[in-house]
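A.B. asks: Using only what follows, build the 3D model:
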Amino acid sequence: MKKLQRQDKRPALARASLAGIAGGIGAMLLSLPVAAQEKISDGVVKIGVLTDMTGGYSEFGGAGAVTAAKMAVADFSRDGTVQGKKIEVVSADHQNKPDIGATRAREWFDKEKVDVIVELVTTSVALAVMDVAEQKGKMVLVSGAASLPITNERCNANTVHWVYDSYGLAAGTSKAIVQTGKKNWYFIAADYAAGAAMTNSASQVILASGGKVLGVAKHPFPASDFSSFLLTAQASKADVIALANGGQDTILAIRQAAEYGVNKTQTIVPIVLFINDVHTLGLKTAQGLTLTEGFYWNRDDKTRAWSRRFFEKTKKMPSMAQAGVYSSVLNYLQAINKTGTDDMATVMKYLKSTPIDDGLFKGNIRADGKFAHEMLLLEVKKPGESKEPWDYYHVRKVISAADSSLPLAESKCKLVRH
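C.D. replies: Next up is the predicted model:
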């Protein structure tokens, strides 16, 4: 016998209305947080800290950068999740070699499903990793590298330059020194991309301020002896000997300048110097140096509170690069939480459209990927002026975000419309 089927005797309009309600409920379910959670790729948000762990830049990047990233995760979420998905931090040493950095980036993106790479001290490494990220559709947040090309002629839509660049350092330190009447400059520069970028940026500021560049001597990286470079610079009779390098190279050059008495007749100006470098040098040797930084732990109550927490974990005060790692990771996670996805383009759009004020940095990310915020013109204290350990700086001037960033009208970045 044929099985009887119950006939739906409801009017067609009623049946259609119920179908519409069912469809609406389905649409609502798709819009609930569960759907947002499904937009987290691979079910985890993985952050890769790629830095110098053992070389000349490890003091202001290195293990401290990893600690800063983990602090950001802990401060963002007590249970270490975003949108219900686990946050994981991994780290590696790029050894200041762009080929190693690029290879690690590919492995992280392709095999380990890393979503964002942060820190990236050493310009050549940062540029190499930026290229890989652009190919893979992933994000890069640079804190340690200095070169202006990161957001200028080499910019891409996947990268934010978070803390400082060669333009900002030059706009602060070089301009201030020229205004004191010291107009003739000689550069000792590392023979790599960042050294050239620092020399070029500072030279432009010096010339625009009425100064002169008498010469440039390039040294290998890393260098073991600066005596010949310092004696050549001394013979130039320049008012200022500028150091366009970083890390152990800068420390060694400053020490040897003091050893040979060069600093008694000419002003030594490091274009980039971190608080960790000053700590290594000691105030007796570093006193009187003028420099520009994007962060100083002892600036205000908020920077002091966070930095003392960092100190408890590392027994060192944070460099501006390490502070930048914390800030970049924290804001990255907040962007994912607000947008409900770790999709690179969506997160980047949010970051570039939302003002940042996290207690350490305050500003906006521009179209070229430059995080424009205030910079600090600093002078290293004399030993008797320091009130506590790591109290190393007088803040001589707060440089506005506009004055410490290359004007967009002068930008060569392909993302900037003139």
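A.B. asks: low-confidence ranges in the chain?
C.D. replies: 1-38 (pLDDT under 70).
A.B. asks: where exactly do the helices run in the stretch 301-418 of the chain?
C.D. replies: With DSSP state H, counting those that start in this stretch as the criterion, the stretch 301-418 of the chain has helices at 301-314, 320-339, 344-353.
A.B. asks: just checking, residue 156 touches residue 132?
C.D. replies: No - Residue 156 is not in contact with residue 132 according to Cβ atoms under 8 Å; the separation is 10.7 Å. Yep, even glycine has a C-beta here, placed from its N, CA and C like the rest.
A.B. asks: Are we agreed that residue 295 is in a helix?
C.D. replies: No - Residue 295: not assigned to a helix; according to DSSP: H, G, I helix; E, B strand; the rest coil it is coil.
A.B. asks: okay, now it: neighbour count?
C.D. replies: Using other Cβ atoms under 10 Å, the number of residues around residue 295 comes to 27.
A.B. asks: Against residue 118, how distant is residue 124?
C.D. replies: As judged by Cβ to Cβ, to the nearest Å, residue 124 and residue 118 stand 17 Å apart.
A.B. asks: Just want to know which of those two has more residues nearby.
C.D. replies: Of the pair residue 124 and residue 118, residue 118 is the one with more neighbours under other Cβ under 10 Å, namely 30 against 19.
A.B. asks: Please identify the helix or strand for that one.
C.D. replies: strand 116-119 (DSSP states H and E).
A.B. asks: gap between the helix or strand following that strand and the chain center?
C.D. replies: Next in sequence after strand 116-119, counting helices and strands by DSSP H and E, comes helix 123-136. The chain centre lies 14 Å from the centre of helix 123-136; the measure is Cα atoms, centre = their mean, to the nearest Å.
A.B. asks: who touches the closest residue to residue 102 other than its chain neighbours in this structure?
C.D. replies: With Cβ to Cβ, 6 or more residues apart in numbering as the criterion, residue 102 has its nearest non-adjacent residue at 4.2 Å, and that residue is residue 128. Contact analysis of residue 128 by Cβ atoms under 8 Å, 6 or more residues apart in numbering lists 98-99, 101-102, 105.
A.B. asks: Give me the distance between the residue nearest the centre of the chain and residue 90.
C.D. replies: When Cα atoms, centre = their mean is applied to the chain, the residue found nearest the centroid is residue 143 (1.5 Å). As judged by Cβ to Cβ, residue 143 and residue 90 stand 17 Å apart.
A.B. asks: Same check on residue 283?
C.D. replies: As judged by Cβ to Cβ, residue 283 and residue 90 stand 37 Å apart.
A.B. asks: The two: which has the busier surroundings?
C.D. replies: Comparing residue 283 with residue 90 by other Cβ under 10 Å, the one with more neighbours is residue 283, at 19 against 15.
A.B. asks: how about residue 272, what does it touch?
C.D. replies: By Cβ under 8 Å, 6+ apart, the contact list for residue 272 reads 146, 164, 166, 169, 198, 245-246, 250, 291.
A.B. asks: Just the buried ones among those residues, please.
C.D. replies: Buried by 16 or more other Cβ atoms under 10 Å: 146, 164, 166, 169, 198, 245-246, 250, 291, out of these.
A.B. asks: what would those residues look like in CSV with secondary structure and distance to residue 272?
C.D. replies: CSV is the format used below for the buried ones among the contacts of residue 272 (DSSP: H, G, I helix; E, B strand; the rest coil; distance: Cβ to Cβ, whole Å):
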residue, secondary structure, distance to residue 272
146, coil, 6
164, coil, 8
166, helix, 8
169, helix, 6
198, helix, 7
245, coil, 8
246, coil, 5
250, helix, 7
291, strand, 8
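A.B. asks: got a markdown table for those residues, with distance to residue 184 too?
C.D. replies: Formatted as a markdown table, the buried ones among the contacts of residue 272 follow (distance: Cβ to Cβ, whole Å):
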| residue | distance to residue 184 |
| --- | --- |
| 146 | 24 |
| 164 | 26 |
| 166 | 21 |
| 169 | 20 |
| 198 | 18 |
| 245 | 20 |
| 246 | 24 |
| 250 | 21 |
| 291 | 20 |
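A.B. asks: Just the strands from the stretch 101-250 of the chain, written as ranges.
C.D. replies: 116-119, 139-142, 159-161, 184-190, 212-219, 240-244 (DSSP state E, counting those that start in this stretch).
A.B. asks: what sits against residue 307?
C.D. replies: With Cβ under 8 Å, 6+ apart, residue 307 has these contacts: 297-298, 317-318, 323.
A.B. asks: again with residue 222
C.D. replies: Applying Cβ under 8 Å, 6+ apart, we find residue 222 in contact with 55-56, 247-249.
A.B. asks: repeat that with 7 Å
C.D. replies: Residue 222 makes contact with 56, 248-249, according to Cβ atoms under 7 Å, 6 or more residues apart in numbering.
A.B. asks: now swap in residue 65 and tell me
C.D. replies: Going by Cβ under 7 Å, 6+ apart, residue 65 touches 49, 51, 119, 321-322, 325.
A.B. asks: which SSE is it in?
C.D. replies: Here residue 65 is assigned to helix 62-76, by DSSP H and E.
A.B. asks: Could I get the buried residue list for that helix?
C.D. replies: Across helix 62-76, burial judged by 16+ other Cβ under 10 Å covers 62-73, 76.
A.B. asks: cool, and stretch 206-224?
C.D. replies: 206, 211, 213, 216-219, 221, 223.
A.B. asks: do the same with stretch 182-191
C.D. replies: Neighbour counts over stretch 182-191 (16+ other Cβ under 10 Å) mark 182-190 as buried.
A.B. asks: Now tabulate these in TSV and tack on distance to residue 275.
C.D. replies: Listed next are the buried residues of stretch 182-191 as TSV, based on distance: Cβ to Cβ, whole Å:
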residue	distance to residue 275
182	24
183	29
184	29
185	24
186	26
187	23
188	22
189	22
190	20
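A.B. asks: Out of the residues you listed, give me the two with the largest separation.
C.D. replies: Maximum pairwise distance in those, criterion Cβ to Cβ, is 23.9 Å, between 183 and 190.
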